[in-house]
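# Sequence first, predicted coordinates after that:
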Amino acid sequence: MDNPFIFRAYQAKELFCDRQEELKTLVTNTLSGVDTTLIAQRRIGKTGLIYRLIDEINSENLPILPIYVDIFATRSLEEFVKALSTAIMNAIPERSSIGKKFAKFIRSLRPLITYDPLTSAPQIQLTLQSEDEQKQTLTGLLTFLDKHDKKILLAIDEFQQIREYPENNVEAMLRTIIQTLNNVTFLYCGSKRHMMLDIFGGERNPFYRSTAFVALQKLDRDVYAEFISKHFHDAGFGIDDTAVHYILDWTRTHTYFTQRLSHTVFDMARGKVDVALVKQAAAQILQSDAVVFGQYQQLLTAGQWNFLIAIAKEGEVSQITSRQFLHKYHLGNPSSVSRIVSSLVEKNLLDENVTDGKTIYSLNDVFLSRWLEENY
Ligand SMILES: Nc1ncnc2c1ncn2[C@@H]1O[C@H](COP(=O)(O)OP(=O)(O)OP(=O)(O)O)[C@@H](O)[C@H]1O
Ligand SMILES: [Mg+2]
């Protein structure tokens, strides 16, 4: 039997735990044309949920054409336009009437169709010269979608990447085009929460409050426990309740880490799973990830590294500049700690979670956190 605990790309709704509420909200927003920003901690399941939504749209035959584009690897407006046109081309059936119209539109841009050497997926190479030309093409692409007779969902993942483009005012330009569209609903998502919050919640920014927010929390512990238990039982292994809870405690119910530990446990299982086996799997993961953790240390200053150790030892910390915390771990003065915190948040190593006006800090990587806890 295939391992049912996925920690890479989304596969099927049977292997996807819960998110019913959030899914319902996203479906409603999409059907009623409300643009949405999906906000969450790293690796909690944002991208997975977008795929789950697309799966739902397709399997329920909802009157929506979903298009997903991940712009993580794009470095300029030109690459953004290219990624978007490739995503559109892959999402619409070639022989449908919209497919034919799209091909005609793309041909007018004198493109070069290339094929990905690994996957053989077609890619569009556009030879856009000036920034103006790029803007025009982008407007053209989006207005093309807007004229389609079916509503369109355009999900843009790793959206904060637009801030890395060398062109000026990309945000304002995009916002201006998007404002004119009636038929395309946007779903924005990104792995850098503080940047996404600034793009959509920063008063001075073009996208300020232009979308509804869906904040993704950790999965419900009981629901997740049942999900894990069920998959071990379905495979004929079975698992002790204490072992399930050990998995969820050790990974702090953080999706990616829970999935990965469950995956490893499943691979090692020969019969009913107990806590001893879970501990063995956890140790194996830390051992194999230790190489990466060692490299982190090389990239950080001693102050940053010590600070990570302190947070790891505590699990989570809210009073980050309290005398007691600083004193306990010999962290220096509040102002140098503030600098360390912003650089670690910037590097995506530290998570800054604001709920109900309270800020809680923890390590983004639960395995790194467990490793530091054990080794320092
Ligand atoms: N509800 C779920 N049930 C089971 N597995 C899930 C669920 N949500 C996400 N996953 C899996 O957990 C892993 C991490 O999720 P995902 O990549 O969606 O997180 P993310 O929030 O987009 O991360 P990043 O911040 O790095 O972009 C993936 O392998 C995904 O398939
Ligand atoms: Mg993601």
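Cool, got the structure. Numbering: from 1, shown residues only. Ligands and ions are numbered 1, 2, ... in the order given.
# Residue of the stretch 201-350 of the chain nearest ligand 2, please.
Using Cβ to the ion, Tyr256 is the residue of the stretch 201-350 of the chain that sits closest to ligand 2, at 9.8 Å. In short, each C-beta sits where N, CA and C put it, glycine included.
# was I right about Gln125 contacting Tyr115?
No - with contacts counted by Cβ atoms under 8 Å, Gln125 stays clear of Tyr115, the gap being 10.6 Å.
# thinking again about what came up before, share the number of residues neighbouring the residue of the stretch 201-350 of the chain closest to ligand 2, please.
When neighbours are counted by other Cβ atoms under 10 Å, Tyr256 registers 19.
# helix or strand for it, which one?
Following DSSP states H and E, one finds Tyr256 within helix 255-268.
# Buried residues in that helix, which are they?
By 16 or more other Cβ atoms under 10 Å, the buried positions in helix 255-268 come out as Thr255, Tyr256, Phe257, Thr258, Gln259, Arg260, Leu261, Ser262, His263, Thr264, Val265, Phe266.
# Which residues are in contact with the fourth one?
Applying Cβ atoms under 8 Å, 6 or more residues apart in numbering, one finds that Thr258 lies in contact with Leu219, Tyr224, Ile228, Ile247, Leu248, Thr251.
# Wait, the last one touches Thr264, no?
No - distance between Thr251 and Thr264: 11.1 Å, which falls outside the contact criterion (Cβ under 8 Å).
# Smallest gap between the stretch 101-250 of the chain and ligand 1, at which residue?
Nearest to ligand 1, among the residues of the stretch 101-250 of the chain, is Ser191, at 3.3 Å (Cβ to the nearest ligand atom).
# Next, count neighbours for that residue.
Ser191 has 21 nearby residues by other Cβ under 10 Å.
# OK, contacts around it?
Ser191 makes contact with Arg42, Arg43, Lys46, Glu158, Gln160, Asn348, according to Cβ under 8 Å, 6+ apart.
# State the distance from the nearest residue to Ser262 once chain neighbours are set aside to Arg370.
Once flanking residues are discounted, Ser262 sits nearest to Phe5: 4.1 Å by Cβ to Cβ, 6 or more residues apart in numbering. Separation of Phe5 from Arg370 (Cβ to Cβ, to the nearest Å) stands at 18 Å.
# Dig out what Phe186 forms beta bridges with.
Leu154 (DSSP bridges).
# give me every residue that touches it.
Counting by Cβ under 8 Å, 6+ apart, Phe186 touches Asp35, Thr36, Leu153, Leu154, Ala155, Ile156, Ile178, Thr211.
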